[in-house]
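[1] Would you be able to build a 3D model of this:
(one chain, ligands or ions: 1)
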Amino acid sequence: MDRRSLIKKGAVAAGALVAANSATKVSLVHASEKRFRWRMVTSWPPAFPILQTGVEEFAKRVGELTQGRLTIQVYAGGELVPPLGVFDAVSSGSVQCGHSAAYYWAGKCNAAQWFTSIPFGLDAQGMNAWFYDGNGLKLWEEVYSKFNLVPRPAGNTGVQMGGWFNKKIEKMSDFKGLKMRIPGIGGKVIAKAGGAVTLLPAGEIYTSLERGVIDATEWIGPFHDMRMGFYKVAKYYYGPGWHEPGSTLELIMNKKAYDELPPELKAALDTAAAELNVKMLSEFEAKNAMALQELKKDKRVQILRFPDNVLEGLRKLSEETIKEIAAKDPMSKKVNDDFQKFKKMLAPWNRLTEKAYYDFML
Ligand code: CA
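    Residues are numbered from 1 along each chain as shown. Prediction:
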């Protein structure tokens, strides 16, 4: 290349650089002028550990990542709308976003249940694989689009516990007549097994268990369950939580509010949601493990694993129940078909790796 063409090339490149710089400057100045103030409602009590505290951390992170261009004011359940009013408040646009769990909306949207957890469904790692690298998030967006909502996975409880019982569960017939507080699809399965399922608000579970109004209850895992004091009023603590093997929490955003944001603010929200998804699961794992250690010291409590014949029986009833629920509408069937296909694909891989490894690691 001769000197003249080098100079010419350099001039062109410099010109392009100047043009690019001024374009960037213009767009940066323009974009940074616009600021957004969002309100966020949740289904969790004020200061509720891991869930509400995690959401508050998320809001702070969004502020940091956007250098204050998008700020989110968080309201706990009941502060602005009732805990189970989150879906409607965000859908209608009266607030811009919310944090909750999709299975709470089963009455409005049957297909939503697969995006939290279904009995004998995927664990947290499997749910994330389905969302981020399978069709999970695409399907979730499709299901929620008619409600003007944009969903993102935003937390996971990990495998929950099976619950607190005042009698031993050694065979399927032990569920006959058992008065148990267990919501959702898990409740339908226990009812199928002959149990008398009741739905009690959180504040009434302890006293009901103590007075024998119920014989059993599920809640979350050792960390939250200990705070509820169930170990004082129930003798047997069973695992695993076959009914909630990887309950995903959701960030829901009003579609119009989300679409109004410039791409870099959307990216900040998506990034903060993914971060929350990891952090919440990590906190559940660590705190549950620590709480289990504590619980093991309590002589009043027996920590047990459901026998294989019980888990097999529950799985059979769960498959029946899920088929019935999936048949309610075409969208639910579409989601379930994809979920089951993904689970079937993961299973041989998980059996060869995680499952085999756990048997020797632990
Ligand atoms: Ca639960």
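[2] So residue 87 sits against residue 151, correct?
    No - judged on C-beta atoms under 8 Å, residue 87 makes no contact with residue 151 at a distance of 10.6 Å. C-betas here are computed from N, CA, C, even on glycine.
[3] list residues touching both of the two?
    Residues touching both residue 87 and residue 151 (C-beta atoms under 8 Å, 6 or more residues apart in numbering) are residue 252.
[4] for stretch 278-292, what is the average pLDDT?
    The average pLDDT within stretch 278-292 is 98.
[5] Flag every buried residue along it.
    Neighbour-count burial for stretch 278-292, with 16 or more other C-beta atoms under 10 Å as criterion, is recorded at 279-281, 283-285, 287-288, 291-292.
[6] For the stretch 101-250 of the chain, which segments count as helices?
    Taking DSSP state H, counting those that start in this stretch to define them, one finds helices in the stretch 101-250 of the chain at 124-128, 136-145, 184-192, 202-210, 222-228.
[7] Figure out how far the longest one is from the centre of its chain.
    Per C-alpha atoms, centre = their mean, to the nearest Å, the displacement of helix 136-145 from the mean C-alpha position of its chain is 15 Å.
[8] Ok, stretch 258-275 next?
    Between the centre of stretch 258-275 and the centre of its host chain there is 19 Å, according to C-alpha atoms, centre = their mean.
[9] Same check on stretch 38-57?
    13 Å.
[10] before we move on, what about stretch 85-102?
    Worked out by C-alpha atoms, centre = their mean, stretch 85-102 lies 15 Å from the chain centre.
[11] Is there proximity between that stretch and the ion?
    No - shown here: stretch 85-102 not in contact with the ion (C-beta under 5 Å from the ion), separated by at least 9.6 Å.
[12] can you give me the mean pLDDT across that stretch?
    On average, stretch 85-102 scores 98.
[13] swap in stretch 252-271?
    When pLDDT is averaged along stretch 252-271, the result is 98.
[14] First-to-last residue distance for it?
    Taking C-alpha to C-alpha, to the nearest Å, stretch 252-271 runs 14 Å from one end to the other.
[15] Could I get the buried residue list for it?
    252-255, 257-258, 261-262, 265-266, 268-269.
[16] In terms of distance to the ion, which of the residues you listed ranks first?
    Comparing these against the ion with C-beta to the ion picks out residue 252 as the nearest, at 19.9 Å.
[17] Could you say which helix or strand holds the closest one?
    Assigning secondary structure by DSSP states H and E places residue 252 in strand 248-254.
[18] quick one: low-confidence ranges for the stretch 151-300 of the chain?
    Counting by pLDDT under 70, the stretch 151-300 of the chain has no low-confidence residues at all.
[19] quick one: the strands in it?
    Ranges of strands within the stretch 151-300 of the chain are 163-165, 179-181, 196-198, 216-217, 236-239, 248-254, based on DSSP state E, counting those that start in this stretch.
[20] And those strands: which comes nearest residue 361?
    Shortest distance between residue 361 and these, using C-beta to C-beta, is found for strand 236-239: 17.5 Å.
[21] The closest one near the ion anywhere?
    No - if you take C-beta under 5 Å from the ion as the test, strand 236-239 misses the ion, and the best it gets is 12.3 Å.
[22] So in that sheet, which strands flank that strand, and in what orientation?
    Sheet pairing of strand 236-239 (DSSP bridges) gives strand 163-165 (antiparallel), strand 302-305 (parallel).
[23] possible to save those strands as CSV with distance to residue 107?
    Formatted as CSV, the strands paired with strand 236-239 follow (distance: least, C-beta to C-beta, whole Å):
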stretch, distance to residue 107
strand 163-165, 23
strand 302-305, 33
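[24] most packed of those strands?
    Among the strands paired with strand 236-239, judged by mean count of other C-beta atoms under 10 Å, the one packed with the most neighbours on average is strand 163-165 (a mean of 24).
[25] Name the surrounding residues that touch that one.
    For strand 163-165, using C-beta under 8 Å, 6+ apart, the contacting residues are 178, 180, 182, 209, 215-219, 225, 230-231, 233-238, 241.
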